[in-house]
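Enquirer: Only the shape, not the letters, is given here:
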Ligand SMILES: Nc1ncnc2c1ncn2[C@@H]1O[C@H](COP(=O)(O)OP(=O)(O)OP(=O)(O)O)[C@@H](O)[C@H]1O
Ligand SMILES: O=C(O)[C@H](O)[C@@H](O)[C@H](O)[C@H](O)CO
């Protein structure tokens, strides 16, 4: 039986590029039996082109993307079934923007050392994000704070291990 998302919870799988957000997020959504959103799909084309050319996004670039994500969170929270999104959500300010919707937003932060993220990105093919942007990803990253709703998961294990840790955390009755 699929685990349930209490009160149309919206789970955001967050972290730097290469931390495994899409890999874990897709499987987590499957396990929970809820829709999955690939946050990268909501980037304006200009943002993807900018990243692909080796330039990091700034706050202004991220504004329309965050607005689209916020709208998705609102819709998904009121859908009655909730959902899972893969979205870097690097800064606390971005996460606070999501929470200001009043939705039941819950974060799964995939914590990973830079070296491992770099190795994964080097092996990955057919993705627009170059590994050279990892410096700026880590410089921008504001890890999940103790006061924020969610869990920090060690993302260095196998996809199965990371997924299992995420499912365990998400499925606790008080969550
Ligand atoms: N736990 C893991 N162990 C080993 N490799 C992994 C693991 N999780 C993901 N990968 C691989 O690492 C690469 C990056 O994973 P993924 O695309 O899921 O990360 P991401 O955080 O969504 O990245 P981006 O933000 O750049 O889209 C992929 O090639 C994926 O197959
Ligand atoms: O805020 C950002 O800088 C972006 O969202 C990036 O994190 C990328 O979209 C992603 O990591 C590449 O897939």
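Expert: Structure's in. What do you need? Worth saying up front: this structure is predicted, and the values here are computed from it rather than measured. Numbers count the residues shown, from 1 in each chain. Ligands and ions are numbered 1, 2, ... in the order given.
Enquirer: C-alpha from now on. contacts and neighbour counts both.
Expert: OK.
Enquirer: Just list the residues touching whatever residue of the chain ends up closest to ligand 2, thanks.
Expert: Using C-alpha to the nearest ligand atom, the closest approach of the chain to ligand 2 is made by residue 17 at 3.6 Å. By C-alpha atoms under 8 Å, 6 or more residues apart in numbering, the residues touching residue 17 are 88, 117, 121, 129, 134, 137.
Enquirer: rerun at 7 Å
Expert: Residue 17 makes contacts with residue 134, as judged by C-alpha atoms under 7 Å, 6 or more residues apart in numbering.
Enquirer: gap between it and residue 82?
Expert: Here the criterion is C-alpha to C-alpha, to the nearest Å. By it, residue 17 lies 24 Å from residue 82.
Enquirer: same check, this time on residue 158
Expert: 26 Å.
Enquirer: Look at these two and report which has more neighbours.
Expert: residue 82 (28 against 9; other C-alpha atoms under 10 Å).
Enquirer: Okay, strands next: where are they in the chain?
Expert: 10-14, 36-38, 83-86, 105-111, 150-154 (DSSP state E).
Enquirer: Same list as before, those that is, but in a markdown table and with mean pLDDT, mean neighbour count and distance to ligand 1 included.
Expert: A markdown table is the format used below for these (pLDDT from 0 to 100; neighbours: other C-alpha atoms under 10 Å; distance: least, C-alpha to the nearest ligand atom, whole Å):
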| stretch | mean pLDDT | mean neighbour count | distance to ligand 1 |
| --- | --- | --- | --- |
| strand 10-14 | 98 | 27 | 8 |
| strand 36-38 | 98 | 19 | 8 |
| strand 83-86 | 98 | 27 | 7 |
| strand 105-111 | 98 | 23 | 8 |
| strand 150-154 | 98 | 18 | 9 |
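Enquirer: Noted, bye for now.
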